[in-house]
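J.: Sharing a model that was predicted from the sequence below.
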Amino acid sequence: MNYEAVPLEKAYELLNAGGLVLVCTHSDDGRYDLAPVAWNCPLDYEPESRVLFVCDPGHRSYEDLLESGEFVLALPTPEQRELVERTGSASGRDLDKYEAYGIAAHKAEAVDALVPEGVGAWLECRLLRVVIEGSSAIVLGSVLRAMAAPEAWKRRLHYVREGLYYRPGEAL
Ligand SMILES: Cc1cc2nc3c(=O)[nH]c(=O)nc-3n(C[C@H](O)[C@H](O)[C@H](O)COP(=O)(O)O)c2cc1C
């Protein structure tokens, strides 16, 4: 293989191949929000699954989950790329994304959040804690309830960098 040096500010992209999640939240004043987050991963599976994601503390969804202590991670499919791009380029501070973009959704059961219709799976989570590192917040959550379509991993939308998405290939 021919390797080439990767600029340090781009090195993160080499790890940034995981599936996207939509972080779905609600605020104290009753507004629902959702925001795509690419930097997410599992943390543990015993005694229950725990997860983490990296979040800009300036996001409305971040403020919401701090207030409410809960959130949903919904897994968008490749067909939902437009939904991802729309919800990721506006803030719930400025508009109700569900209303503005006509996002059909149903209520989660274990937490108060709206799950967009058509996602491959979702995880309803309780906030465990937040770790601040520099200008990033690492949000840790514990899964209270999870629902998935068959072979949900095949239905995920993966994001590498702006303009570059992919769908998973075959199992090996
Ligand atoms: C494909 C994609 C991936 C993103 N990944 C992240 C991420 O990992 N962490 C993050 O803090 N923001 C991420 N964002 C940005 C937020 O989704 C975006 O700023 C959003 O508008 C925040 O909305 P809010 O203010 O309503 O919470 C991503 C956006 C897109 C489009």
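T.: Ah, there it is. Since we're looking at a predicted model, the values are computed, not measured.
J.: Name the nearest residue to the closest residue to the ligand within the chain, ignoring sequence neighbours.
T.: When Cβ to the nearest ligand atom is the measure, the chain has its nearest residue to the ligand at Gly88, with 2.5 Å between them. Glycine gets a C-beta too; all of them are placed from N, C-alpha and C. With sequence-adjacent residues excluded and distances taken as Cβ to Cβ, 6 or more residues apart in numbering, Gly88 is closest to Pro36, at 4.3 Å.
J.: So the one you found is in contact with Leu75, correct?
T.: No: using Cβ atoms under 8 Å, Pro36 and Leu75 do not qualify as a contacting pair, with a distance of 10.7 Å.
J.: Return every residue with contacts to both of the two.
T.: The overlap between the contact sets of Pro36 and Leu75 (Cβ atoms under 8 Å, 6 or more residues apart in numbering) consists of Leu20, Val21, Leu22.
J.: who wins for most neighbours among those?
T.: Top of the shared contacts of Pro36 and Leu75 by neighbour number is Val21, holding 28 neighbours under the definition other Cβ atoms under 10 Å.
J.: wait, what's in contact with it?
T.: For Val21, the residues meeting the contact criterion (Cβ under 8 Å, 6+ apart) are Pro36, Val37, Asn40, Phe53, Leu73, Ala74, Leu75, Pro76.
J.: mind running it again at 7 Å?
T.: The neighbours of Val21, taking Cβ atoms under 7 Å, 6 or more residues apart in numbering as the test, are Val37, Asn40, Phe53, Leu73, Ala74, Leu75.
J.: cool, and Asp44?
T.: Listed by Cβ under 7 Å, 6+ apart, the contact partners of Asp44 are Arg50.
J.: Next: Gly141.
T.: Neighbouring residues of Gly141 by Cβ under 7 Å, 6+ apart: Arg50, Val51, Phe71, Cys125, Arg126, Leu127, Leu128.
J.: returning to what we had before: restrict the shared contacts of Pro36 and Leu75 to those that also contact the ligand, please.
T.: Applying Cβ under 6 Å from any ligand atom, the subset of the shared contacts of Pro36 and Leu75 adjacent to the ligand comprises Leu20.
J.: So Asp112 sits against His26, correct?
T.: Yes: taking Cβ atoms under 7 Å as the definition, Asp112 is a contact partner of His26 at 4.9 Å.
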